[in-house]
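A.B. asks: Mind looking at a prediction? Sequence and model below.
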Amino acid sequence: MSQLTNLTLDVQSDDLTAVSPRIQAQILAEALPYIRNFHGKTIVIKYGGNAMTDERLKHGFARDVILLKLVGMNPVVVHGGGPQIDNALKKIGKQGTFVQGMRITDEETMEVVEWVLGGEVQQDIVMLINHYGGQAVGLTGKDGGLIRARKMAMPDKDNPGQYLDIGFVGEIDAINPAVVKALQDDAFIPIISPIGFGQDGQAYNINADVVAGKIAEILKAEKLIMMTNIAGVQDKSGNLVTDLSAREIDEMFADGTISGGMLPKISSALDAAKSGVNTVHIIDGRIEHSLLLEVLTEQAFGTMIRSH
Ligand SMILES: Nc1ncnc2c1ncn2[C@@H]1O[C@H](COP(=O)(O)OP(=O)(O)O)[C@@H](O)[C@H]1O
Ligand SMILES: CC(=O)N[C@@H](CCC(=O)OP(=O)(O)O)C(=O)O
């Protein structure tokens with residue numbers, strides 16, 4: 001295990017000053033091959049709503065993203081906000097309901113989703129990154145025509161050939177990456193909210209994993225990193241699976257091992273891997289600096305999704 005991995009997993013970040021200068025230098029030197037390999041490459045980071053509930057971790061995340069940008073990579077953040085939407089709904093006496101990991105979204109819920117994702121959550125991340133000296137720019141699907149969507153046709157598992165109406169949930173029609181590329185080529189860090197727009201101007205609620213996977217594909221990203229609130233994908237007995245092939249994923253879908261929010265996450269991760277994103281990882285966003293550990297060290301943690 002690398003020096004950086006050992007330290008980050010075992011030592012609270014406040015204690016790092018206690019580490020000898022020699023080890024501090026070793027830690028930095030260890031990152032060099034990764035910095036060289038990923039220089040100029042796009043890294044899409046799905047920052048899940050569950051991974052952003054801890055203030056201290058949020059600050060660490062903002063600093064990690066800036067560090068990746070400063071060493072020459074192109075981080076693009078797609079954020080979620082499921083728990084934050086649930087909290088806002090509770091305040092108006094509504095409860096979130098999900099079908100196969102997708103929120104049933106009526107008109108009132110859609111208003112809340114737009115406000116919470118495109119307003120509160122996105123701006124919180126933008127502000128934090130800017131606070132630490134980065135230049136983040138928030139986008140929704142409307143900006144620069146980034147995400148064109150249409151109403152999702154959700155297959156009814158119990159009635160083959162039939163579809164469920166789950167309201168203003170969108171599926172992606174097309175991504176126009178021009179605005180993201182323009183920002184990336186400059187010093188900016190795009191922060192994307194998973195809201196798409198139909199040709200009629202209707203806003204659609206899209207699962208953030210789906211948006212992250214598609215953005216990674218269209219940008220020909222080197223990596224897609226999905227940060228969530230669990231150590232990785234678990235098998236039937238609850239053990240962490242470090243590596244998942246397409247065939248194993250099919251089996252886990254079929255026997256119900258994968259459920260809820262993990263369904264769109266794994267489908268999107270697999271689609272991205274099949275479409276040429278070099279490495280796709282589901283990692284534990286509750287570990288401090290998990291993003292840096294994933295990108296800048298040899299340490300493999302969480303679950304890697306393979307295309308075959
Ligand atoms: N096989 C599985 N392995 C791990 N987590 C699973 C599995 N099946 C379902 N889950 C659930 O999926 C959750 C992650 O999805 P989700 O709550 O949507 O996270 P996020 O907000 O990060 O997108 C986990 O916390 C876990 O409860
Ligand atoms: C259609 C749908 O389910 N949209 C999601 C969008 C936010 C999201 O995906 O957030 P996490 O990544 O934190 O789960 C929702 O309404 O919760």
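C.D. replies: Yes, it's here. Ligands and ions are numbered 1, 2, ... in the order given.

A.B. asks: Thought residue 74 was touching residue 39, still the case?
C.D. replies: No: look at residue 39 against residue 74 with CB atoms under 8 Å: they stay out of range, at 9.7 Å. Quick note: C-beta positions are derived from backbone N, CA and C, even for glycine.

A.B. asks: So between these two, which is more surrounded?
C.D. replies: Neighbour count, other CB atoms under 10 Å: between residue 39 and residue 74, residue 74 has more, with 24 against 11.

A.B. asks: can you tell me which residues contact the residue lying closest to residue 290 once chain neighbours are set aside?
C.D. replies: Using CB to CB, 6 or more residues apart in numbering and skipping the chain neighbours, the partner closest in space to residue 290 is residue 283 (5.2 Å). Residues counted as contacts of residue 283 (CB atoms under 8 Å, 6 or more residues apart in numbering) are 225, 226, 227, 228, 232, 290, 291, 294, 301, 302.

A.B. asks: Quick check: residue 283 is in a helix.
C.D. replies: No: counting by DSSP: H, G, I helix; E, B strand; the rest coil, residue 283 falls outside a helix, being strand.

A.B. asks: Could you report the pLDDT at it?
C.D. replies: pLDDT for residue 283: 97.

A.B. asks: can you pull up the bridge partners for it?
C.D. replies: Following DSSP bridges, residue 283 is listed with bridge partners residue 227.

A.B. asks: For the stretch 1-150 of the chain, which residues are neighbours of ligand 1?
C.D. replies: Counting by CB under 6 Å from any ligand atom, the stretch 1-150 of the chain comes close to ligand 1 at 48, 49, 50, 51, 80, 82.

A.B. asks: Show me how far stretch 200-220 is from its chain's centre.
C.D. replies: For stretch 200-220, the separation from the chain centroid amounts to 11 Å (computed by CA atoms, centre = their mean, to the nearest Å).

A.B. asks: gap between the two ends of that stretch?
C.D. replies: 29 Å (CA to CA, to the nearest Å).

A.B. asks: what does stretch 29-46 give?
C.D. replies: Start-to-end, stretch 29-46 (CA to CA) is 27 Å.

A.B. asks: hmm, back to that, may I ask which of the contacts of residue 283 has the most neighbours?
C.D. replies: Busiest of the contacts of residue 283 [other CB under 10 Å] is residue 226, holding 31 neighbours.

A.B. asks: Neighbour-wise, which one of the residues of the stretch 1-150 of the chain next to ligand 1 leads?
C.D. replies: Going by other CB under 10 Å, residue 80 tops those with 28 neighbours.

A.B. asks: And the pLDDT for that residue?
C.D. replies: 98.

A.B. asks: Spatially nearest residue to residue 40, not counting backbone neighbours?
C.D. replies: residue 72 (6.1 Å).

A.B. asks: for the one you found, what are its contacts?
C.D. replies: 35, 38, 39, 40.

A.B. asks: which regions of the stretch 201-308 of the chain sit below the pLDDT cut-off?
C.D. replies: Within the stretch 201-308 of the chain, the set of residues satisfying pLDDT under 70 is empty.

A.B. asks: Residue 19 versus the residue of the stretch 1-150 of the chain found nearest ligand 2, what's the distance?
C.D. replies: Residue nearest to ligand 2 within the stretch 1-150 of the chain (CB to the nearest ligand atom): residue 80, separated by 2.1 Å. Distance, residue 80 to residue 19, using CB to CB, to the nearest Å: 34 Å.
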